[in-house]
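>>> here is a sequence with its predicted model. Questions after.
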Amino acid sequence: MSTPEQPPSGPPLRAFAMVLIALAIAFAGIGAMALSGNDSESEQPETTSSVARAAGNGAASVTSAKPPAAVTSARPPAAITSTTAAATTTTAPVLDKSAVSVRVLNNSTVSGLAAQTAKTIESDGWTVGETGNYSDGSVSSTTVYYSASSPAEKAAATEIAATLGVSAEPRFPGITSASPGVIVIVTAP
């Protein structure tokens, strides 16, 4: 008489069982995500899973290369807990262009340069209150100056300087005591 053959056991069967358990966990996760109500495949994160056998006890663990995306659904997902970090978006405060006084002063021999520059600044929404000449010294390049103690003036000067393609700097000693506001000193182009 022959004896019935016994199924194989030992390390190969245990490894195969661990792989099957890991696959079952992965498919359960995919199924839970499908039941969460998000039908858009383009919003589903790519998940790369790997199965690793822990040393000593033969337990399998599944790790994901990317965290799952936050899912919003009318019905709560079954047995899914996720933690996501909220994205922080910072927007620059909108400048009130009418709240900052702007003066444009010509520091060159080009007649009408301050008026021409004032038109460029006004076309960007600023109100130029004064144009004239700066004859108390020589400035090396067109610059927009602001009072170092006024954040509003600094923000305005930075924006005006970007419009003109020049730099914005704190006032220098020759104009520190001038009345409040942004001062644009233009030089020959």
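Alright, I've got the coordinates. What you see is a predicted model, and the numbers here were worked out from it, not measured in a lab.
>>> name the helix or strand for residue 111, please.
Under DSSP states H and E, no helix or strand contains residue 111.
>>> next, count neighbours for it.
9 (other C-beta atoms under 10 Å). For the C-beta atoms, the positions are set from N, CA and C on the backbone; glycine is no exception.
>>> name the surrounding residues that touch stretch 154-171.
93, 95, 97, 100, 102, 117, 120-121, 124, 126, 141-148, 178, 182-184 (C-beta atoms under 8 Å, 6 or more residues apart in numbering).
>>> same check on stretch 122-130?
By C-beta under 8 Å, 6+ apart, stretch 122-130 touches 97-98, 100-104, 118, 121, 156, 160, 163, 181.
>>> how much space between residue 147 and residue 99?
Here the criterion is C-beta to C-beta, to the nearest Å. By it, residue 147 lies 14 Å from residue 99.
>>> neighbour-wise, which of the two wins?
residue 147 (19 against 9).
>>> distance of that one from residue 111?
Taking C-beta to C-beta, one finds residue 147 at 29 Å from residue 111.
>>> and residue 132, which of the three is it?
strand (DSSP: H, G, I helix; E, B strand; the rest coil).
>>> my bad, residue 122
Quick answer, by three-state DSSP: residue 122 is helix.
>>> per-residue pLDDT, it?
Listed pLDDT for residue 122 reads 95.
>>> check the one 5 residues further on too.
Listed pLDDT for residue 127 reads 94.
>>> against residue 189, how distant is it?
24 Å.
>>> can you check residue 29 too?
65 Å.
>>> give me the more crowded residue out of these two.
Neighbours per residue (other C-beta under 10 Å) separate residue 29 from residue 189, with residue 29 holding more: 17 against 9.
>>> so which elements touch the strand or helix carrying that one?
Using DSSP H and E, residue 29 sits in helix 11-35. Applying 3 or more C-beta pairs under 8 Å, 6 or more residues apart in numbering; DSSP states H and E, one finds that helix 11-35 contacts strand 49-53, strand 60-64.
>>> among the contacts of stretch 122-130, the buried ones, what's the ChimeraX command?
To isolate the buried ones among these in ChimeraX, judged by 16 or more other C-beta atoms under 10 Å, type:
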select :97,100,101,102,103,104,118,121,156,160,181
